[in-house]
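Q: Just the structure for this:
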Amino acid sequence: MTKRKTFTREFKFEAVRLLEQSDKTPTDLAADLGVRRNQLYKWQEQVRQEGEDAFRGSGRRPLDQSDELTRLRKELAEVKQERDILKKAAAYFAKELK
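A: Alright, predicted model coming up:
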């Protein structure tokens, strides 16, 4: 599996500037920059909506929240598995009693 590409904030702003001011077609520009054309349009829309505040951070939770969320998801999966085992065991023993 290939690793997802990440681009710096400056790269994105420069790509949008080139998209708006360059004589190249968006398809050619995207190929030159190594991104999808659709991604250029998404970045352009973000700059239009958010201006200088566009592309702030990675959108991920702080590490401590992320760790807790991961731990809770694992715990939930274990509890569900235990519950399912107990359901099956109860059904098995209920059959034998009849």
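Q: if you skip the residues just before and after it, what's nearest to Ala30?
A: Nearest non-adjacent residue to Ala30, counting by Cβ to Cβ, 6 or more residues apart in numbering: Arg37, 4.1 Å away. For the C-beta atoms, the positions are set from N, CA and C on the backbone; glycine is no exception.
Q: Quick check: that neighbour vs Gly51, distance?
A: 23 Å (Cβ to Cβ, to the nearest Å).
Q: what about those two, which has more around it?
A: Arg37 (15 against 8; other Cβ atoms under 10 Å).
Q: Could you check how far that one is from Asp23?
A: 16 Å.
Q: And Glu14, by the same measure?
A: If you go by Cβ to Cβ, the gap between Glu14 and Asp23 works out to 16 Å.
Q: which one of those two has more residues nearby?
A: Glu14 (13 against 6).
Q: Identify the residues contacting the more buried one.
A: By Cβ atoms under 8 Å, 6 or more residues apart in numbering, the contact set of Glu14 is empty.
Q: Give the helix, strand or coil label for it.
A: Under DSSP: H, G, I helix; E, B strand; the rest coil, Glu14 falls in the helix class.
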